[in-house]
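build the 3D model from these lines:
(one chain, ligands or ions: 1)
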Amino acid sequence: MSHTKLTVYGAQWCSDCKRAKKFLGEQRVHYDWVDVEQDADGLAFVEQANKGKRIIPTIVFEDESILIEPSNAELAAKLGLQTRANMAYYDLICIGGGPTSLTAALYAAREGLDVLVIERSGLGGQAGITERLDNFPGFPEGIGGAEFADRLTQQARRFGVELLQAQDVVGLRAEDESRYVKTADGAEYGARAILIATGSTYRRLEVPGEDELIGAGVHFCATCDGPFYKGKQVAVIGGGNSAGEESLFLTRFVDKVTILIRGDQLSASKVVIDKVEESAQIEVRTNTEVVALHGEGKLSGLTIRNRKTGVTEEITPSGVFVFIGLTPNSGWLPAEIERDQYGFVTTKPTLETSMRGIFAAGDVRKGSTKQAASAAGEGATAALMVREYLKEM
Ligand SMILES: Cc1cc2nc3c(=O)[nH]c(=O)nc-3n(C[C@H](O)[C@H](O)[C@H](O)COP(=O)(O)OP(=O)(O)OC[C@H]3O[C@@H](n4cnc5c(N)ncnc54)[C@H](O)[C@@H]3O)c2cc1C
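The predicted structure is shown next:
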């Protein structure tokens, strides 16, 4: 994690400011935010820096240099991130920089293979944006997600893994015994084997306050974070099977679950609906949507609106669990790589995909359990399977 002193001047409505803040957040770079619509001095500074014009985001770095409306590539360069590989050909290329990929990479590099990891945002993946991992074996007091990501990254570096950040992989192809990945900047890198470890993305509510409160009262995984809410009240957003099942699971810890659904009724299977209805600890509020999440550093409440009457209301559960869908990051893969109806990559028991020499593991894989420990486990397995494959080549 960087402790660089950096100030972003912008405004809430500015989409470029949002993008830049997201990019810095993904890189776990600390920054101060100045909303120029609320801060007259901030606005004066922006005007002075831009010869009288109000151009945002205006970003000031520790060395007092300034970038005006920088692209993500310009930000990556300024932060000194490596976005281009040193070699054209590797033994193994791991796509994604989460626990699956980094574990596979450090296993393979430790055995002497040349390994390249390509990550489109910040290293550590979803584990890196998690406030705290309380269930990763070996950390009796739990460990902050950012620290976990940093440790994993350092370990991969120690074994000589080359790590690219802020670089999207956009294509994949096979030619004879070689496999090639294409990156968004137009470069192409070859390898004897490739691991797809691009994870999946939890669908967000896209309401004000959400980004800032993820991990600080807003969660996407009951197994991971449910036990933090022993004896408390929580809200669950979503009406499908996972929302129903996770609500039932949460009743093991919490006193009460309020399920908020936009429609007239739950869309889960009958078995799940019956169990939810039987539970004295679960209340279902229909025709209800979340308008905003509130809290400074920690969730303090949410504004909800009845979609039929339009009446808004504040509620104050201790935590909110969002279960409105999980999308695997596999849309960019060629058609030859088989996936299930949701887009999760199907693999053989060896973790090899339908394309020879291309493996998949972790949250992007069909049948994976969406936990950091199992992601690391699948990464290790994938590395061993790649080793066997390379022996036979
Ligand atoms: C908020 C939150 C809290 C969680 N809490 C816990 C917890 O407490 N305990 C627990 O066990 N698990 C937890 N999880 C789940 C855990 O983090 C995941 O199971 C784990 O990180 C999956 O690892 P992965 O490497 O397979 O995928 P990810 O961690 O998702 O990493 C995949 C990476 O691939 C990158 N990527 C995607 N597409 C491309 C592309 N085209 N090119 C280059 N890079 C790409 C992504 O940016 C991402 O960094 C949590 C998840 C979230 C979101």
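
all contacts plus neighbour counts: C-alpha atoms, from now on.
OK.

you'd agree Asp324 is up against Ile237?
I think there's a mix-up here, since residue 324 is Ile and not Asp. Yes: counting by C-alpha atoms under 8 Å, Ile324 touches Ile237, with 7.0 Å between them.

have a look at the two and say which one is more surrounded.
Ile237 (24 against 19; other C-alpha atoms under 10 Å).

what sits against that one?
Ala243, Ile259, Leu260, Ile261, Val320, Phe321, Val322, Phe323, Ile324 (C-alpha atoms under 8 Å, 6 or more residues apart in numbering).

out of those, which are inside helices?
Ala243 (DSSP state H).

how about the contacts of Ile237 in CSV, adding pLDDT and distance to the ligand?
Shown next, in CSV, are the contacts of Ile237 (pLDDT from 0 to 100; distance: C-alpha to the nearest ligand atom, whole Å):
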residue, pLDDT, distance to the ligand
Ala243, 95, 16
Ile259, 98, 19
Leu260, 98, 20
Ile261, 97, 21
Val320, 97, 12
Phe321, 97, 10
Val322, 97, 10
Phe323, 95, 11
Ile324, 95, 13
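
let's have the contacts of Ile237 in CSV, adding distance to Lys366.
What follows is the contacts of Ile237, written out as CSV (distance: C-alpha to C-alpha, whole Å):
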residue, distance to Lys366
Ala243, 20
Ile259, 27
Leu260, 28
Ile261, 27
Val320, 27
Phe321, 23
Val322, 21
Phe323, 18
Ile324, 18
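
quickly list what's touching both of Ile324 and Ile237.
Ala243.

and the residue nearest the centre of the chain?
Closest to where the C-alpha atoms of the chain average out (C-alpha atoms, centre = their mean) is Gln126, at 3.7 Å.

ok, the residue lying closest to it once chain neighbours are set aside - contacts?
Sequence neighbours aside, Gly98 is the residue nearest to Gln126 in space, at 6.7 Å (criterion: C-alpha to C-alpha, 6 or more residues apart in numbering). Contacts were defined as C-alpha under 8 Å, 6+ apart; by that measure Gly98 touches Leu123, Gly124, Gly125, Gln126, Ala127, Gly128, Ala149, Ala197, Thr198, Gly199.

the host helix or strand of the fifth one: what's the following helix or strand?
It refers to Ala127. In this structure, Ala127 sits in helix 125-129 according to DSSP states H and E. With elements assigned by DSSP H and E, the helix or strand that comes after helix 125-129 is strand 132-133.

so does the following helix or strand past that following strand get close to the ligand?
Using DSSP H and E, the helix or strand that follows strand 132-133 towards the C-terminus is strand 143-144. No: applying C-alpha under 6 Å from any ligand atom, one finds strand 143-144 separated from the ligand by no less than 9.3 Å.

any chance of CSV for the contacts of Gly98, columns pLDDT?
Below are the contacts of Gly98 laid out as CSV (pLDDT from 0 to 100):
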residue, pLDDT
Leu123, 94
Gly124, 95
Gly125, 94
Gln126, 91
Ala127, 90
Gly128, 88
Ala149, 95
Ala197, 98
Thr198, 98
Gly199, 98
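
what number of residues lie near Gln48?
12.

quick check: it vs the ligand, distance?
36 Å (C-alpha to the nearest ligand atom, to the nearest Å).

next one: Gly209
Gly209 is 15 Å from the ligand, by C-alpha to the nearest ligand atom.

not counting sequence-adjacent ones, nearest residue to that residue?
Gly209 sits nearest to Leu293 (C-alpha to C-alpha, 6+ apart), 4.8 Å away.

tell me the spacing between that neighbour and Asp35.
19 Å (C-alpha to C-alpha, to the nearest Å).

more neighbours: the two, which one.
Leu293 (25 against 16).

the host helix or strand of the more buried one: partners in the sheet, and parallel or antiparallel?
If you go by DSSP H and E, Leu293 is part of strand 288-294. The partner list of strand 288-294 in its sheet, established with DSSP bridges, is strand 301-306 (antiparallel).

what packs against the helix or strand following the partner strand?
Note on strand 301-306: by DSSP H and E, the next helix or strand toward the C-terminus is strand 312-315. In this structure, strand 312-315 packs against strand 301-306, with contacts taken as 3 or more C-alpha pairs under 8 Å, 6 or more residues apart in numbering; DSSP states H and E.

show me which residues of the strand it packs on are buried.
Within strand 301-306, the residues that count as buried by 16 or more other C-alpha atoms under 10 Å are Gly301, Leu302, Ile304, Arg305, Asn306.

next: stretch 215-226.
In stretch 215-226, counting by 16+ other C-alpha under 10 Å, buried: Gly215, Ala216, Gly217, Val218, His219, Phe220, Ala222, Cys224, Asp225, Gly226.

circling back: how about the helix holding Ala127 and the ligand, touching?
Yes: Helix 125-129 reaches the ligand (C-alpha under 6 Å from any ligand atom) through Gly125, Gln126, Ala127.

tell me the mean pLDDT over stretch 70-78?
Computed over stretch 70-78, the mean pLDDT rounds to 90.

swap that for stretch 86-97, please
The model assigns stretch 86-97 a mean pLDDT of 98.

so it, near the ligand or not?
Yes: applying C-alpha under 6 Å from any ligand atom, one finds stretch 86-97 touching the ligand at Ile95, Gly96, Gly97.

leaving out sequence neighbours, find the closest residue to Ala76.
Leaving aside its chain neighbours, Ala76 sits nearest to Ala166 (6.6 Å; criterion: C-alpha to C-alpha, 6+ apart).
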